[in-house]
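*Asks:* I need the structure of the sequence given here:
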Amino acid sequence: MGNDFKSILNFFQNKQNWIPGDYDYNEAFCRCLAEAASAGEASIWRLDSDGWLHMVYGTNLHQKELSDIVLREGEGISGAAALSRQTIAVTDALAHPQHDLRMDKLLGYPTRAMISSPIVFRDFVYGVVNILNPEFGTTFPSKWKKHLPIAATLYAAALATENRLIHYKRPEEITGLKEKESAAEAFRSKTVVVGVSPAIQEALHLCLKTGNTDMPVLIRGETGSGKELAARRIHEASRREKGPFIDVNCAALTETLLESELFGHVKGSFSGANRDRQGKFSTASGGTLFLDEIGDMSLTCQAKILRALQEQKFMPVGSDKTKKSDARVIAATNYDLWAQVKKNKFREDLYYRLCGIEILMPPLRKRPEDIYPLTMHFLHKIAGEQKQIDPDYQIPKISQEAVKMLMSFNWPGNVRQLEQATRAAVAICEGDEILLEDFPTWLQDAMKTDVGSPKDEDAEIYSSSERTESFEAGEFINGGRLEYIKALDETKYAGTGRWNLTAAARQLNIPRKTFTYRLKKMRLIG
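*Replies:* Alright, predicted model coming up:
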């Protein structure tokens, strides 16, 4: 019955004795779906109130294995489908930047092709449903990109009929039994990198791939762009994931203290050295040593770092004996290190040693489509912290006006600055919705200056006949396609049918550059 969608319709039309959402019901639905789509696997993921996706059924998996499989909303292909509310079809998962290789390890099989569709009913995101690994050929027929969302909607409607369309409760929440050392808890503690933009997905993909090697990695990016998160993801994707992850901020210590911090010291080696002390190279052995802001390190210390990397040996301060370390080094900087080399401020040999693999973390202003998903991630994160104090705490909504303001700001402090602004707004918010005025005054004042708004005479003009109805699935664009088209139609030049992008951007209260970028992502303009 391969590729026969009628069997899916029959499944929902024929009344069964199962209760929608129960294990037996989910099993029957997934097996029916897998058979209809000729898929090797099918699965259902449910979204909980804290923003985590839990696999509640997967073909070829035992029930006891399901509790170990969790994924953060916005992360991986399934997480991106849940966050963007768009169906995502992938022909080669291993080459797709949104694919999380950690999932393959947990599931026990590699993902080749897959389609992930959100389960949405009346604006409520229940979770996602997936079909993976076609049995015939290398990809699913294109019609399943339309069929799967219909099946997901029918599934959501069945749950709603039985009043079971509620946030998923983890088993330990229901029974009160929490196994802190469970695999699920261990996975929840892993680093989350949220973003649907191609730039951040490319960086994340490199992070996961570099986990297969022990080569040194250099991460470049502006302050607050997420360099440490990238380093942690590399560590977690490597064979060293069970070893320590030790971070050192090279800019925060003087030359003498930094040497002691990295290599340790012996008693009496300097004033205040009252006992022997191990350095970070020793404590990171078997794991990862993250050297943040390595561009601020002195040339003397750079020479010692170079030796430690080349020989995996070092000498503690005040000692004449060498020690060994099996630590993988990941370095990060907000400098252009090659420019520093030319200025004789950074050793050329160390640069080549560190730059085995280079990863660039993009600034937030170059990935505006990630601003809303990141804001929602921070709201879930804050809610998790608040629930430790007040179990009944509810995540506040965020108004459209506030979202537009966040999307319009250029965020010089990047992701860290966005998180601080979100935390401040939550602290000030008095109701169940975060308003524009709840955000810090520096953000509101910056928006009043209308920074970056172009003059009318500089406006690019496009014909409304240049529209296209295609919108790349999985791409998140704030405000929605219809709102953008409405603004374009309302501001177009009279009698010409041509669009004025500047006027439309101003009506939507966003910078013209950002507006044009989103129109291109929506393929409304060329």
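
*Asks:* Which stretches in the stretch 1-150 of the chain count as helices?
*Replies:* Along the stretch 1-150 of the chain, the segments classed as helices by DSSP state H, counting those that start in this stretch run 6-13, 23-37, 63-66, 76-84, 101-107, 144-161.

*Asks:* mean pLDDT for the ones you listed: which is lowest?
*Replies:* Least confident of those, judged by mean pLDDT, is helix 63-66 with a mean of 62.

*Asks:* quick revisit: pick the most deeply packed of the helices of the stretch 1-150 of the chain.
*Replies:* Of all the helices of the stretch 1-150 of the chain, helix 76-84 carries the top mean neighbour count, a mean of 27, counting by mean count of other CB atoms under 10 Å. Any C-beta I mention is one placed from the backbone N, CA and C, and that applies to glycine too.

*Asks:* Give me the angle between it and helix 144-161.
*Replies:* Following axes from the mean of the first three to the mean of the last three CA atoms, to 10 degrees, one obtains 60 degrees for the angle between helix 76-84 and helix 144-161.

*Asks:* So which elements touch helix 76-84?
*Replies:* strand 39-47, strand 52-58, strand 70-72, strand 88-90, strand 114-121, strand 124-134, helix 371-387 (3 or more CB pairs under 8 Å, 6 or more residues apart in numbering; DSSP states H and E).

*Asks:* Lowest average pLDDT across these?
*Replies:* strand 70-72 (a mean of 79).

*Asks:* What lies in contact with it?
*Replies:* 45, 51-55, 78-79, 100, 103, 184, 187-188, 192, 194, 377 (CB atoms under 8 Å, 6 or more residues apart in numbering).

*Asks:* Quick one: mean pLDDT for the helix or strand harbouring Ile246?
*Replies:* Following DSSP states H and E, one finds Ile246 within strand 245-249. Averaging pLDDT along strand 245-249 gives 94.

*Asks:* Would you mind checking which helix or strand in the protein has the lowest mean pLDDT?
*Replies:* Within the chain, no helix or strand scores below strand 461-463, which has a mean of 36 by mean pLDDT, DSSP states H and E.

*Asks:* Quick one: name whatever helix or strand follows it.
*Replies:* Strand 461-463 is succeeded, C-terminally, by helix 481-491 (DSSP H and E).

*Asks:* about what we covered before: the helices of the stretch 1-150 of the chain: which one's closest to Pro198?
*Replies:* For Pro198, the closest of the helices of the stretch 1-150 of the chain is helix 76-84, at 11.9 Å, according to CB to CB.

*Asks:* Let me know the angle separating the closest one from helix 371-387.
*Replies:* Using the same axes, to 10 degrees: helix 76-84 against helix 371-387 is 90 degrees.

*Asks:* Next, the angle strand 39-47 makes with helix 76-84.
*Replies:* 40 degrees.

*Asks:* the inter-axis angle of helix 76-84 versus strand 124-134?
*Replies:* 150 degrees.

*Asks:* For the residue sitting nearest the centre point of the chain, give me its contacts.
*Replies:* By CA atoms, centre = their mean, the chain has its centre lying nearest to Val194, at 1.9 Å. Val194 makes contacts with Arg72, Gly74, Glu75, Leu83, Asp370, Pro373, Leu374, His377, as judged by CB under 8 Å, 6+ apart.

*Asks:* Of these, which pair is most distant in space?
*Replies:* Every pair of those checked by CB to CB; the farthest is Arg72 and Asp370, at 14.1 Å.

*Asks:* Please parse this structure into its domains.
*Replies:* 6-174, 198-361, 365-447, 456-521 (automatic domain parsing).

*Asks:* so what secondary structure elements neighbour the strand holding Ile246?
*Replies:* helix 227-236, helix 255-263, helix 280-283, strand 288-292.

*Asks:* Report the contact partners of Phe290.
*Replies:* Contacts of Phe290 by CB under 8 Å, 6+ apart are Glu228, Ala231, Arg232, His235, Phe245, Ile246, Asp247, Val248, Ile330, Ala331, Ala332.

*Asks:* what do you get for Leu61?
*Replies:* Ser43, Met55, Ile69, Leu107, Gly108.

*Asks:* Sort out which one of those residues lies nearest Val129 for me.
*Replies:* Ser43 (7.2 Å).

*Asks:* separation between the closest one and Tyr25?
*Replies:* Distance from Ser43 to Tyr25, counting by CB to CB, to the nearest Å: 14 Å.

*Asks:* Could you do Ala230 as well?
*Replies:* Ala230 is 41 Å from Tyr25, by CB to CB.

*Asks:* least reliable of the domains of the chain going by mean pLDDT?
*Replies:* Ranked on mean pLDDT, the bottom entry among the domains of the chain is domain 456-521, at a mean of 59.

*Asks:* So for Arg506, which of the helices of the stretch 1-150 of the chain sits nearest?
*Replies:* Nearest to Arg506, of these and by CB to CB, is helix 76-84 at 26.6 Å.

*Asks:* got the angle for that closest one vs strand 52-58?
*Replies:* 120 degrees.

*Asks:* Tell me the gap between helix 76-84 and the middle of its chain.
*Replies:* Helix 76-84 has its C-alpha centroid displaced from the chain centroid by 10 Å (CA atoms, centre = their mean, to the nearest Å).

*Asks:* got it, and stretch 121-130?
*Replies:* 19 Å.

*Asks:* Going by neighbour count, list what's buried in stretch 307-316.
*Replies:* Judged by neighbour count (16 or more other CB atoms under 10 Å), stretch 307-316 contains these buried residues: Ala308, Leu309, Phe314, Met315, Pro316.

*Asks:* go on, stretch 259-273?
*Replies:* Glu259, Ser260, Glu261, Leu262, Phe263, Gly264, His265, Val266, Ser269.

*Asks:* roughly how far apart are Tyr372 and Thr87?
*Replies:* 19 Å.

*Asks:* And for Pro244?
*Replies:* From Pro244 to Thr87 the distance is 41 Å (CB to CB).

*Asks:* more neighbours, the two?
*Replies:* Thr87 (20 against 15; other CB atoms under 10 Å).

*Asks:* which residues touch the nearest residue to the more buried one once chain neighbours are set aside?
*Replies:* Of all residues not flanking Thr87 in the chain, Ser117 sits nearest, at 4.3 Å (CB to CB, 6 or more residues apart in numbering). The contact partners of Ser117, by CB under 8 Å, 6+ apart, come to Ala81, Thr87, Ile88, Val128, Val129, Asn130, Leu148, Pro149, Ala151, Ala152.

*Asks:* now do Ile428
*Replies:* Taking CB under 8 Å, 6+ apart as the test, what Ile428 contacts is Asp438, Phe439.

*Asks:* which two in the contacts of Ser117 are spaced the farthest apart?
*Replies:* Ile88 and Ala151 (15.1 Å).

*Asks:* still on that earlier bit, could I get the contacts of Ser117 as CSV with distance to Ile398?
*Replies:* Below are the contacts of Ser117 laid out as CSV (distance: CB to CB, whole Å):
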residue, distance to Ile398
Ala81, 21
Thr87, 25
Ile88, 24
Val128, 23
Val129, 27
Asn130, 28
Leu148, 29
Pro149, 26
Ala151, 31
Ala152, 26
